[in-house]
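1. I need the structure of the sequence given here:
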Amino acid sequence: MNNQDQVKLRWGILGAARINERLLPAIVEASNARLVGIASRRPGAAAQTLAQYAPCHPDIQSYDNLDALLNDEDVQAIYLPMANHEHAEWTLRAIEHRKHVLCEKPMALTVEDIDAIETAARRYRMTVMEGFMYRFHPQHARVLELIRSGLIGEIRSVRASYSFMMRPARMYRLAEDVSRGGGAMWDIGCYAIHSLRMFFQQAPRTVTALSKYVESGADITTSGILDFGDGKFAHFDFSFERARRCEYEIIGTQGGIKCHVVWQLPGDVPVISWWTEDGRQSEERLPVANHFRLEVEHFSDCVLNGKDPQLSFNDARDNCRTIVAALQSAAEGRVIKI
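-> Numbering: from 1, shown residues only. Prediction:
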């Protein structure tokens, strides 16, 4: 190991999922990370993924066996992008192999599984974080800065809309029932719930939701309202059968702020806009940033320097608890207390 490698966290990827199009190059490009291996249960899939997204890095190992990567002593941290219902099981396996874990959202489908992951992480002294990459884009810090400045007054309402038309290559997202992590809620709705929660300094009290389901039992569209009390509401809407939208808007007592594109691609120019009751308005264009790389660098920094991740186990639990309650509301047609 050379001196440069001593300050870099050595990563392995557990699964050749489509998200590697973004995450694999992010690990390769991160200033404090080094990708050393990727594994898949599909023969040749790991090697093919490397050839597609890291063709100039022949030193990265590929495995056709997940346990082989977990047993690789050169790997210190795992990025886990497997199917939603597998996240808890394989996060626990990785922890038991003394690997730190960045688990793609959702960390788990139940609060009990998140509790088990935290217990294991503490026992083996491993760092674990749920992978909501968008939170590491500077545009959200700017939105929070504007809110803290008092520009729009007290927040009264937040809306998050996420949607795109499902392409045939992505139909696997609807193959499983919601109880096994299938559908729009666990795929894109978790972003909506997470981003809405960012702007209220308290947990929601109740949730009301409506869903449209496909034959598998997966939701293809879900809309609903979170009640934070005292007339403060958060509206969520997400779908696999609507034109692409990826935005949130915050309305306060004195104005509003809108984030126009939450899921930024690395070359996109972020745009946020705001207006106030006294007639002021502005559209801000922010510097280009890669939130996938920033997420990897944040997690690597936490492991290398003994810091707590920005996204905590409590945050993962609160998000999971809210999602489960929303799914229950949609299934039973009633308001659910959280």
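
2. can we go C-alpha only for contacts and neighbour counts from here?
-> Fine.

3. spatially nearest residue to the residue nearest the centre of the chain (excluding sequence neighbours)?
-> Nearest to the geometric centre of the chain sits residue 132, at 2.3 Å (CA atoms, centre = their mean). Distances taken as CA to CA, 6 or more residues apart in numbering place residue 105 nearest to residue 132, at 6.1 Å, with adjacent residues excluded.

4. and the pLDDT at the most far-flung residue of the chain relative to its centre?
-> Largest separation from the mean C-alpha position in the chain: residue 278, at 36.3 Å (CA atoms, centre = their mean). On pLDDT, residue 278 comes in at 96.

5. wasn't it part of a strand?
-> No - secondary structure of residue 278 (DSSP: H, G, I helix; E, B strand; the rest coil): coil, not part of a strand.

6. how far away is it from residue 253?
-> Separation of residue 278 from residue 253 (CA to CA, to the nearest Å): 12 Å.

7. who's in contact with stretch 79-94?
-> 11-17, 19, 70, 78, 100-109, 113-114, 117, 120, 180-182, 186 (CA atoms under 8 Å, 6 or more residues apart in numbering).

8. average model confidence for that stretch?
-> For stretch 79-94, the mean pLDDT works out to 97.

9. how about residue 207, secondary structure?
-> Under three-state DSSP, residue 207 falls in the strand class.

10. returning to what we had before: so who does the residue nearest to residue 132 touch?
-> Residue 105 makes contacts with 84, 130-132, 190, as judged by CA under 8 Å, 6+ apart.

11. can you say which of those are buried?
-> 84, 130-132, 190 (16 or more other CA atoms under 10 Å).

12. which of the contacts of stretch 79-94 fall within strands?
-> Counting by DSSP state E, the contacts of stretch 79-94 place 11-14, 78, 100-104 in strands.

13. where along the stretch 1-150 of the chain do the strands fall?
-> In the stretch 1-150 of the chain, the strands defined using DSSP state E, counting those that start in this stretch lie at 9-14, 33-39, 61-63, 77-80, 100-104, 128-131.

14. please name every helix or strand in contact with the fifth one.
-> Put plainly, it is strand 100-104. strand 77-80, helix 87-96, strand 128-131 (3 or more CA pairs under 8 Å, 6 or more residues apart in numbering; DSSP states H and E).

15. turn those into CSV, including distance to residue 337.
-> CSV is the format used below for the helices and strands packed on strand 100-104 (distance: least, CA to CA, whole Å):
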stretch, distance to residue 337
strand 77-80, 32
helix 87-96, 25
strand 128-131, 24
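
16. highest mean neighbour count out of these?
-> Of all the helices and strands packed on strand 100-104, strand 77-80 has the most neighbours on average by mean count of other CA atoms under 10 Å, namely a mean of 26.

17. direction included, what does that strand pair up with?
-> Partners of strand 77-80 in the sheet, by DSSP bridges, are strand 9-14 (parallel), strand 100-104 (parallel).

18. ok now it, how far from the chain's centre?
-> Chain-centre distance of strand 77-80: 14 Å, with CA atoms, centre = their mean, to the nearest Å.

19. hmm, back to that, and the ones in strands among the contacts of stretch 79-94, which of them are buried?
-> 11-14, 78, 100-104.

20. and the residues you listed as JSON lines, adding distance to residue 227?
-> Converted to JSON lines, those look like this (distance: CA to CA, whole Å):
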{"residue": "11", "distance to residue 227": "40"}
{"residue": "12", "distance to residue 227": "40"}
{"residue": "13", "distance to residue 227": "38"}
{"residue": "14", "distance to residue 227": "38"}
{"residue": "78", "distance to residue 227": "36"}
{"residue": "100", "distance to residue 227": "36"}
{"residue": "101", "distance to residue 227": "33"}
{"residue": "102", "distance to residue 227": "31"}
{"residue": "103", "distance to residue 227": "29"}
{"residue": "104", "distance to residue 227": "27"}
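
21. looking at those, which one is closest to residue 212?
-> residue 104 (25.1 Å; CA to CA).

22. mean confidence (pLDDT) on the biggest helix by length in the chain, please.
-> Criterion DSSP state H: the longest helix present in the chain is helix 313-332. The average pLDDT for helix 313-332 rounds to 98.

23. ok, now stretch 138-151?
-> Rounded mean pLDDT across stretch 138-151 is 97.

24. thinking again about what came up before, using TSV, lay out the strands paired with strand 77-80 together with mean pLDDT and distance to residue 148.
-> Formatted as TSV, these follow (pLDDT from 0 to 100; distance: least, CA to CA, whole Å):
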stretch	mean pLDDT	distance to residue 148
strand 9-14	98	34
strand 100-104	98	30
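
25. out of those strands, which comes closest to residue 201?
-> strand 100-104 (24.4 Å).

26. wait, what's in contact with the residue nearest to the centre of the chain?
-> Going by CA under 8 Å, 6+ apart, the list of residues near residue 132 reads 104-105, 191.

27. list just the one of the strands paired with strand 77-80 that sits closest to residue 50.
-> The minimum distance between residue 50 and the strands paired with strand 77-80 falls on strand 9-14, with 10.7 Å, by CA to CA.

28. neighbours around the closest residue to residue 118 other than its chain neighbours, how many?
-> Excluding its sequence neighbours, the residue lying closest to residue 118 (CA to CA, 6+ apart) is residue 313, at 6.8 Å. Using other CA atoms under 10 Å, residue 313 has 19 other residues around it.

29. that's all I had, so thanks and see you.
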